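Asks: give me coordinates for this.
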Amino acid sequence: MKQFIVLSCCAVLLLQAADGFALNKTFTALPPSSQVSDHGGKIDAKYDGFTYETVVALKKMGVTCGGKRGMQGVLKDTCVSLAASLHCPGQQLDYVRYAKLQLVFEAKDWDQRHSVDARELLVVADGATLKLGRMALVNQNAGDARLVDVMREVLEVSLPYQTFLKIARAQTVEMRVGRSVVALQEKNLSALRDLNNRVKL
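Replies: Numbers count the residues shown, from 1 in each chain. The predicted structure follows:
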């Protein structure tokens, strides 16, 4: 009887050790927490225990500023940045539940804000028009950039992963929010492809 109890305890301990090893293996399978590539964007991967998902995110990177190539519409004197994230349930990178895109507008003029009715996001990827719906206002405030007060507006939209793939794999991408139109640069597209390469699909 004692031998049976000892063997049972050993088996339980071995199973617990194996489970712990599997969890550690899953966690360490994530890419390094932060990497900067040739495109200049910063990509971060981490597990969020509150939402029970692994988020692989391209941090805010510049697209262009008013007056430079790629700017159209009413974006004079406005700088636009892009951020994106892929959301994978649990501690894994084999399945993406959805993606998010953020556009950050920074301008000296508060009149450059996008009203609720002017936040519909249209994306033209290699000539195909994608209607992504109304962007949500994440943040809107005044900040201090280069000793000049600026209006900073952050808009965000969630989209299916397959739609994100169409954008990331495109050779040319233009985005329209209200009357504001911006064309992504090659570095932005390269960063989106790099972001997609961090998941194992």
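Asks: domain ranges for this structure, per the record?
Replies: As assigned by automatic domain parsing, the chain contains the domains 1-30, 32-197.
Asks: would you single out the least confident of the ones you listed?
Replies: Among those, domain 1-30 carries the lowest mean pLDDT, at a mean of 44.
Asks: identify all contacting residues around stretch 162-179.
Replies: 73-74, 84, 86, 99, 101, 103, 114-115, 118-128, 130, 132, 135, 155, 181-184, 188-189, 192-193, 195-196 (C-beta atoms under 8 Å, 6 or more residues apart in numbering). (Glycine included, C-beta is placed from N, CA and C.)
Asks: write a PyMOL command that selects only the buried members of the residues you listed.
Replies: Selection of buried members from the contacts of stretch 162-179 for PyMOL, criterion 16 or more other C-beta atoms under 10 Å:
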select buried, resi 74+84+86+99+101+103+114+119+121+123+124+125+130+132+135+155+181+182+183+184+188+189+192+195+196
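Asks: quick check: residue 104 touching residue 151?
Replies: No - here residue 104 lies out of contact with residue 151, judged by C-beta atoms under 8 Å, at a distance of 11.1 Å.
Asks: please tell me how far the nearest residue to residue 120 once chain neighbours are set aside sits from residue 173.
Replies: The spatial neighbour of residue 120 that comes closest, neighbours along the chain excluded (C-beta to C-beta, 6 or more residues apart in numbering), is residue 134 at 5.5 Å. Using C-beta to C-beta, to the nearest Å, residue 134 is found at 19 Å from residue 173.
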